[in-house]
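*Asks:* Make a model of this:
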Amino acid sequence: VAISAGATSDGAAMTMHTTDCVECDFRLALVPGRDHPEGAQHPVYGIAAAFPRFHSDRATIYQNVPDVKPLRHIPEVARTYGVWEASYTLMNEEGLTFGESSCSSKLTAAGIDMADPATGKYGEAYFSVAALMQLGLERCATCRCAVKTIGALAEEYGFYGESFMGGETITMADTTGEAWVFHVQQDFSTNHSAIWVAQRVPDGHIAVIANEFTIQHVPEEETDDFMFSSNLRSEAIAAGFWDGNGDFNFQQVYGTKSVVGDNLYATLREQWIYSQVAPSLDLQLPMSPTALKFSYPVDDKLSVEAAIALLRGHYDGTEWDLTKGIMAGPFGNPKRIEGGTGLKEVKGALPRPISIPRTSHVLIGVASADNAVALFGPDEPATTVFAPFFCKTLKEAADMPLNETSKLYAKFYQEGRRDQFGYRESAWWAFDGVANLLNWNYANMTGEFVNPAVEYWQAKMLAVARSGDATAALDLQNRVSEAWWDLYDKLWTTYNDGYFYFYPGHNPAKPAATFGYPADWLRDIGFDKDFWKVQTVKGQIAKACNAEKHDDHEPVRCAKRELYLVLGGLVVGLALGGSAGVVVGRRQSRRTGQSGLGDRLL
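*Replies:* Predicted coordinates:
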């Protein structure tokens, strides 16, 4: 998401970005700015998403992993800016901030560590989007500089996507108040250059990119609002995507069938955000992203709090509400399991929310001229806490020995890897651990414990973010990590074995309360005395239809009957909903006026 300065309440342009990645190295690096001698070379590592990403002296977390070798080098510039960097580089000391979204493309994209699946051969293109983001933030202070710089580098050395038929989007915001959207993909003719286009987000507007290209009509010549590669049109003609006549629509020319066809994967997220920030437009959900404009004006200027709320939602209160219906199970779980053979064999569709379990980290970059800050949250947006990491801290680091720079931010954000559970060491594992425990009983656990903790700590974080106090920010980074580990322990002991243990006001002699399944859910699944036997969804439908026999492999249809049974997810509900309830804890909380977290957690 790219938000212009005129669309925000504090007058700072912003980017928002979720890194949805199952293998990504989630650690946060502080890379100090530095001077480079003449002839210095910049190492290129490819996609470099998995731990440990790099081996270099760029940051303390990249030391001591010598087995990670660069794949290529390019000439370095004389001076590079300091940056905050996770699996993507996020923000630099000048307040320039980036976001990223992988996009479908008609063009292939083999590169130095991306093989052509048909031949197994690697390509000649140097730069993944992560490498381009790193170079843009190390070398530029403004969006316009970044567009020209990474565009030229991609053309000279070649670009490739993170999937073979993939392009990329980089969203940008800077301290001048501008926000831009940059699309890039591999070229057609040589496979080691690039095609790119960039559009400025109009002042007062917000632009949302959800894994599909969104820039549409591109003028023949560059303007103050458009920049693009010189081969933009010639490559489209060479590839047979455009006949050279009439309007040039980048989205339709280079986007895949999922863009120009029916695809709610992108449009639901885009329409959701636009409907929240501009309800006066009454935008209806289109099947194709081509029905939505590049950007829309907001009705009311967005605060950082409002921006965070956009990322946390699960389409609450709409017909796509992920906390409702069969797939949410008995306890209102908005999480959905992705992939597997089942979804290939049984065709259907699930809503794609913004906050999903496989999120590695989430960023809101606030490009304030006075107080630029990266608000960084480990794990998924719905239950993370965005902590401030100031751009001025990067400038402070430039004058320090490298081994001292790690003291400028919490060790919790520098530690951890996916193949080793970092108990009490890693902020990411604390937030991811809590998020996974919510599968037991999402509604009760979030209502009783997690949401109150998120609200409490987020308010503290934003107060410090606005104050610009780096010492207080470091303190809160440590405290919230410790609190989340305490919360992790609390949830384990409180919801163990499907009971509600040690609830506020409990009897010490009998510390456990029982929940059972919610009555509404039991009614929905047609619960009755026959449930001591195995019951299936189709069996319940057949019962409702008065059908004595049914084939488990064929659908059951009620002839000229109203089907009164609303099925609530006999199997999925048990898998995702856990085995605790939603009644006792909330009732006890109201009685005591506590969430049960105590002073240490809150």
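*Asks:* tell me the mean pLDDT for stretch 501-519?
*Replies:* Confidence over stretch 501-519 (mean pLDDT, whole number) is 90.
*Asks:* Name the residues of it that are buried.
*Replies:* Neighbour counts over stretch 501-519 (16 or more other CB atoms under 10 Å) mark 503, 504, 512, 513, 515, 517, 518 as buried. No exception for glycine: its C-beta is placed from N, CA and C like everyone else's.
*Asks:* Can you flag which of those belong to strands?
*Replies:* Among those, the members found in strands (DSSP state E) are 512, 513.
*Asks:* Not including adjacent chain positions, what is the nearest residue to residue 156?
*Replies:* Distances taken as CB to CB, 6 or more residues apart in numbering put residue 193 closest to residue 156, at 7.7 Å, once the chain neighbours are dropped.
*Asks:* quick one on the thing from earlier: return the member of the buried residues of stretch 501-519 nearest to residue 84.
*Replies:* Proximity of those to residue 84, judged by CB to CB, is greatest for residue 504, which lies at 39.6 Å.
*Asks:* What residues of stretch 483-490 count as buried?
*Replies:* For stretch 483-490, the buried set under the neighbour-count rule, 16+ other CB under 10 Å, comprises 483, 484, 485, 486, 487, 488, 490.
*Asks:* do stretch 48-63 as well
*Replies:* Applying a neighbour-count criterion of 16+ other CB under 10 Å, the buried positions in stretch 48-63 are 48-55, 58-62.
*Asks:* And the average pLDDT for the host helix or strand of residue 480 is what?
*Replies:* When elements are defined using DSSP states H and E, residue 480 is found to belong to helix 470-494. Confidence over helix 470-494 (mean pLDDT, whole number) is 98.
*Asks:* that older thread, how about a markdown table for the buried residues of stretch 483-490, with distance to residue 469 added?
*Replies:* Formatted as a markdown table, the entries for those read as follows, by distance: CB to CB, whole Å:
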| residue | distance to residue 469 |
| --- | --- |
| 483 | 19 |
| 484 | 22 |
| 485 | 24 |
| 486 | 24 |
| 487 | 25 |
| 488 | 28 |
| 490 | 29 |
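*Asks:* before we move on, back to that, measure the residue nearest to residue 156 to residue 118 for me?
*Replies:* 21 Å (CB to CB, to the nearest Å).
*Asks:* more crowded one of those two?
*Replies:* residue 193 (20 against 9; other CB atoms under 10 Å).
*Asks:* what's that one sitting at in phi/psi?
*Replies:* phi -140, psi -150 (degrees, to the nearest 10).
*Asks:* Now do the contacts for it.
*Replies:* With contact taken as CB atoms under 8 Å, 6 or more residues apart in numbering, residue 193 is in contact with 125, 154, 155, 156, 158, 159, 186, 187, 231.
*Asks:* now residue 11
*Replies:* With contacts defined as CB under 8 Å, 6+ apart, the neighbours of residue 11 are 5, 177, 368.
*Asks:* three-state assignment of it?
*Replies:* With DSSP: H, G, I helix; E, B strand; the rest coil as the basis, the three-state label of residue 11 is coil.
*Asks:* when you give positions from now on, start the count at 189
*Replies:* Fine by me, first position is 189 from now on; the one you just mentioned is residue 199.
*Asks:* Next up, phi/psi of it, please.
*Replies:* With angles defined as degrees, to the nearest 10, residue 199 shows backbone torsions of phi 80, psi 20.
*Asks:* rewinding a little: list just the nearest of the buried residues of stretch 236-251 to residue 369.
*Replies:* When the buried residues of stretch 236-251 are compared for distance to residue 369, the smallest value, 22.4 Å, is given by residue 237; criterion: CB to CB.
*Asks:* how close does that closest one get to residue 711?
*Replies:* In terms of CB to CB, residue 237 sits 46 Å off from residue 711.
*Asks:* what's the answer for residue 492, then?
*Replies:* Computed as CB to CB, the residue 492 to residue 711 distance reads 42 Å.
*Asks:* quick one: which of those two has more around it?
*Replies:* For residue 492 versus residue 711, neighbours defined as other CB under 10 Å are more numerous around residue 492 (22 against 12).
*Asks:* quick one: contacts for residue 303?
*Replies:* Residues in contact with residue 303, defined by CB under 8 Å, 6+ apart, are 309, 310, 311.
*Asks:* Go ahead and confirm the first one touches residue 298.
*Replies:* It refers to residue 309. Yes. Using CB atoms under 8 Å, residue 309 is in contact with residue 298, at 7.0 Å.
*Asks:* So, low pLDDT: which residues of the stretch 389-538 of the chain?
*Replies:* In the prediction, the stretch 389-538 of the chain carries residues with pLDDT under 70 at positions 445-451.
*Asks:* which residues in it form strands?
*Replies:* In the stretch 389-538 of the chain, the strands defined using DSSP state E, counting those that start in this stretch lie at 393-395, 414-416, 484-485.
*Asks:* which one of the ones you listed is the most hemmed in?
*Replies:* Among these, ranked by average contacts under mean count of other CB atoms under 10 Å, first place goes to strand 393-395 (a mean of 25).
*Asks:* helices or strands next to it in the packing?
*Replies:* Here strand 393-395 is seen to pack against strand 190-191, helix 452-465, strand 484-485 when contacts are counted using 3 or more CB pairs under 8 Å, 6 or more residues apart in numbering; DSSP states H and E.
*Asks:* partners of the first one, with directions?
*Replies:* This points to strand 190-191. When pairing is defined by DSSP bridges, strand 190-191 lines up against strand 201-208 (antiparallel), strand 393-395 (antiparallel).
*Asks:* quick one, what contacts residue 356?
*Replies:* 288, 289, 290, 291, 317, 320, 347, 349, 350, 371, 372, 373.
*Asks:* who touches the residue nearest to it when sequence neighbours are not counted in this structure?
*Replies:* For residue 356, the nearest residue in space outside its immediate sequence neighbours is residue 317; the separation is 4.0 Å by CB to CB, 6+ apart. Contact partners of residue 317, counting by CB under 8 Å, 6+ apart, are 276, 288, 290, 347, 349, 350, 356, 358, 372.
*Asks:* I figured the fourth one was touching residue 312, is that so?
*Replies:* So that's residue 347. No. Counting by CB under 8 Å, residue 347 sits too far from residue 312 to count as a contact (11.1 Å).
*Asks:* Overlap of the contact sets of the two?
*Replies:* Common neighbours of residue 347 and residue 312, counting by CB under 8 Å, 6+ apart, are residue 299.
*Asks:* Helices along the stretch 639-788 of the chain, start to end?
*Replies:* If DSSP state H, counting those that start in this stretch is used as the criterion, the helices of the stretch 639-788 of the chain fall at 639-655, 658-682, 707-712, 725-732, 760-765, 772-780, 786-789.
*Asks:* quick one: which of those helices is nearest residue 404?
*Replies:* Nearest to residue 404, of all the helices of the stretch 639-788 of the chain, is helix 639-655, at 35.0 Å by CB to CB.
*Asks:* If you count contacts, what does the closest one end up packed against?
*Replies:* Using 3+ CB pairs under 8 Å, 6+ apart as the contact criterion, the secondary-structure elements in contact with helix 639-655 are helix 492-500, strand 561-566, strand 575-578, helix 658-682.
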